[in-house]
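>>> sequence isn't available, so here's the structure alone:
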């Protein structure tokens, strides 16, 4: 039997020593089988649910106590305040009382200039209102300043304006006033009471400016029935003994 090669024996011993020094387990290396490492995919992020669009602040429903239907004596406005922009109201067809606005009102104070998603009133809707509010600028202004505070849409608000106007009877002696008239605020109140069933003195306020009749303000509940005016409305009442009503056919 041939002797083992001393060089090979020494080389094998060296390999075993080096493997031990490095910490290898030769038996484990011989028996090891390949491992398959499975990496779980990260879950896809779920987008947050869309936040519901909030109702514009300042447009709470049922946040006011009553309406004030403000009727402006158009001849007074045309005589004292009209500008070139008021040609529709003051330069053509003669008007007597027109709708200044329908205002949500509280017993103390009132909401005004509420935020709205629709600040601009469409031309078509403005056109529908010009027979009782003969000023394009006025229609838009009244929506932004007052209508937007009622909780109604533009269409609902202006339908309510018209319904309130149609609820009121204008005293016939004022419809065709062809010469200036001197009256007391009480005279105007009594004239409206005489032709409007259920209307009482506490439900109407007459205002004045430049010693002339300015407006007649009627207080209505949300069903458009007459209701007592609050202190805020009563404070606007004219305190003069006599006021002037310029004639209806005044044209600028």
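On my side now, so go ahead. Bear in mind the structure is a predicted one, so any value in this text is a computation, not a measurement.
>>> show me where pLDDT drops low in the stretch 51-200 of the chain?
The stretch 51-200 of the chain contains residues with pLDDT under 70 at 51-62.
>>> what segments of it are strands?
Using DSSP state E, counting those that start in this stretch, the strands found in the stretch 51-200 of the chain span residues 66-73, 97-105, 181-183.
>>> quick check, residue 95 in contact with residue 77.
No: in this structure residue 95 lies outside contact range of residue 77 using C-beta atoms under 8 Å: 9.2 Å. C-beta coordinates here come from the backbone N, C-alpha and C atoms, glycine included.
>>> and the spatially closest residue to residue 134 that is not a sequence neighbour, what is it in contact with?
Nearest residue to residue 134, sequence neighbours excluded (C-beta to C-beta, 6 or more residues apart in numbering): residue 89, at 4.3 Å. Contacts for residue 89 (C-beta atoms under 8 Å, 6 or more residues apart in numbering) come out as 74, 77-78, 82, 95, 98, 134-135.
>>> out of these, which are inside helices?
74, 77-78 (DSSP state H).
>>> okay, the residues you listed in a markdown table with neighbour count and distance to residue 64 next?
As requested, those are exported to a markdown table (neighbours: other C-beta atoms under 10 Å; distance: C-beta to C-beta, whole Å):
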| residue | neighbour count | distance to residue 64 |
| --- | --- | --- |
| 74 | 22 | 27 |
| 77 | 24 | 26 |
| 78 | 19 | 31 |
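>>> could I get the contacts of residue 89 as TSV with distance to residue 195?
Shown next, in TSV, are these (distance: C-beta to C-beta, whole Å):
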residue	distance to residue 195
74	19
77	23
78	24
82	28
95	19
98	18
134	23
135	26
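>>> which of these sits closest to residue 239?
residue 77 (20.4 Å; C-beta to C-beta).
>>> which phi and psi does the nearest residue to residue 144 once chain neighbours are set aside have?
Nearest residue to residue 144 in three dimensions, chain neighbours excluded: residue 119, at 5.5 Å (C-beta to C-beta, 6+ apart). Main-chain dihedrals, residue 119, degrees, to the nearest 10: phi -70, psi -30.
>>> how many neighbours does residue 119 have?
By other C-beta atoms under 10 Å, the residues close to residue 119 number 11.
>>> any idea how far residue 172 is from it?
39 Å (C-beta to C-beta, to the nearest Å).
>>> all helices of the stretch 101-250 of the chain, in order?
For the stretch 101-250 of the chain, applying DSSP state H, counting those that start in this stretch gives helices covering 123-129, 136-145, 154-167, 172-175, 185-195, 231-234.
>>> highest mean neighbour count out of those helices?
Burial of the helices of the stretch 101-250 of the chain is given as mean neighbour count (mean count of other C-beta atoms under 10 Å); helix 136-145 ranks first at a mean of 19.
>>> now do that helix: distance to the chain's middle.
Helix 136-145 has its C-alpha centroid displaced from the chain centroid by 12 Å (C-alpha atoms, centre = their mean, to the nearest Å).
>>> can you give me the angle it makes with strand 97-105?
Relative orientation of helix 136-145 and strand 97-105, computed by axes from the mean of the first three to the mean of the last three C-alpha atoms, to 10 degrees: 10 degrees.
>>> so which residues make contact with helix 136-145?
Helix 136-145 is contacted from outside by 85, 88, 100-102, 112-113, 116, 119-121, 125-126, 129-130, 133, 154, 157-158, 161, using C-beta under 8 Å, 6+ apart.
>>> check contacts around the residue nearest to residue 144.
Residue 119 neighbours (C-beta under 8 Å, 6+ apart): 143-144, 148.
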